[in-house]
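Peer 1: Make a model of this:
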Amino acid sequence: MTMLDDFMVRATLAGLGVVLAAAPLGCFVVWRRMAFFGAATAHAAVLGVALSLALSLSVFVGVLAVSLLMAVTVSLLSDRGYAMDTLLGVMAHSSLAFGLVAVSFLSDVRIDLMAYLFGDILAVGRTDLAIIWTGSLLVLGLTLWRWQSLLLATVSTEMAHAEGIDPSRERLILTVALAIVVAVAIKVVGVLLIAALLIIPAASARPFSHTPERMALIAAMIGAVSVLGGMWGSWHLNTPTGASIVCVAAILFVALNTLARSLPRRHAGV
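Peer 2: Numbering: from 1, shown residues only. This is a model prediction of the structure:
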């Protein structure tokens, strides 16, 4: 019996793989005030699940394709003068509604919709684990490669242009990375909780960070603690694992922000 034969080991590794990629991206989501964008991309994943089941494709492939389409479409339309919050509102709720309707037509396919909405980390298999870690490492590598350019485009579009950096291109890279995270995270925390895993650890880390790199590192640590704490709580309290992970992250957010009030105010300069 190998270590990966234990479903709890696979689940823990899956959760840690997701937070590894979600932590640095979550920082950019917080800095750019893109919380709704992350939620909108996640909502589109339901339509991807329906299409992948209807076409007998891998759920990962379907979710990734629809999430990428959603992210790229919003990014391109926002450059043409459309209000970002309006676009996100229309596309997020529309894609979620179309996805739920499409799932209802799959009468010959057995589907546990709750598993996709709230995650089913305990059912992660070896193939799922390989996909999660491959996607997470890809996103982490992309983020590290474009880190300075993404930071500069986040701080000031004028400074980015002066350095020969196209802010629109960097935003597109960020949205593609977010779409990949959504695709790999759907098995862990589900569609409705993905945005929370992106935002809460980063928001918790901000009061204790004086550099962007430190904030990303602390966010990853908080995310890892959230996964381990959520797994432990779910096992002992018999609660939904994905939701338990987010609950631990939320508790840490409250505790850390309360603690930060008694410390000198420092945050990442972005």
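Peer 1: Can you give me the buried ones in the lowest-mean-pLDDT helix or strand in the chain?
Peer 2: Lowest mean confidence among the helices and strands of the chain (mean pLDDT, DSSP states H and E): helix 113-118, at a mean of 72. Applying a neighbour-count criterion of 16 or more other C-beta atoms under 10 Å, one finds L113, A115, Y116, L117, F118 buried in helix 113-118. All C-beta spots, glycine's among them, are computed from the backbone N, C-alpha and C.
Peer 1: Hmm, G242 and the last one touching each other?
Peer 2: Yes: with contact defined as C-beta atoms under 8 Å, F118 and G242 form a contacting pair (5.1 Å).
Peer 1: any common contacting residues for these two?
Peer 2: Applying C-beta atoms under 8 Å, 6 or more residues apart in numbering, one finds that F118 and G242 are jointly contacted by V189, G190, L193.
Peer 1: and V227, how many residues sit next to it?
Peer 2: 29 (other C-beta atoms under 10 Å).
Peer 1: now it, what's its secondary structure?
Peer 2: In three-state terms, and counting by DSSP: H, G, I helix; E, B strand; the rest coil, V227 is helix.
Peer 1: V189: which element?
Peer 2: Using DSSP states H and E, V189 falls within no helix or strand.
Peer 1: For it, what are phi and psi?
Peer 2: phi -120, psi -10 (degrees, to the nearest 10).
Peer 1: again, but for F208
Peer 2: phi -100, psi 10.
Peer 1: any idea how far it is from I218?
Peer 2: 6 Å (C-beta to C-beta, to the nearest Å).
Peer 1: same question, R33
Peer 2: 20 Å.
Peer 1: Looking at those two, which has the bigger crowd around it?
Peer 2: Legend: neighbour count by other C-beta under 10 Å for R33 and I218, higher for I218 (22 against 9).
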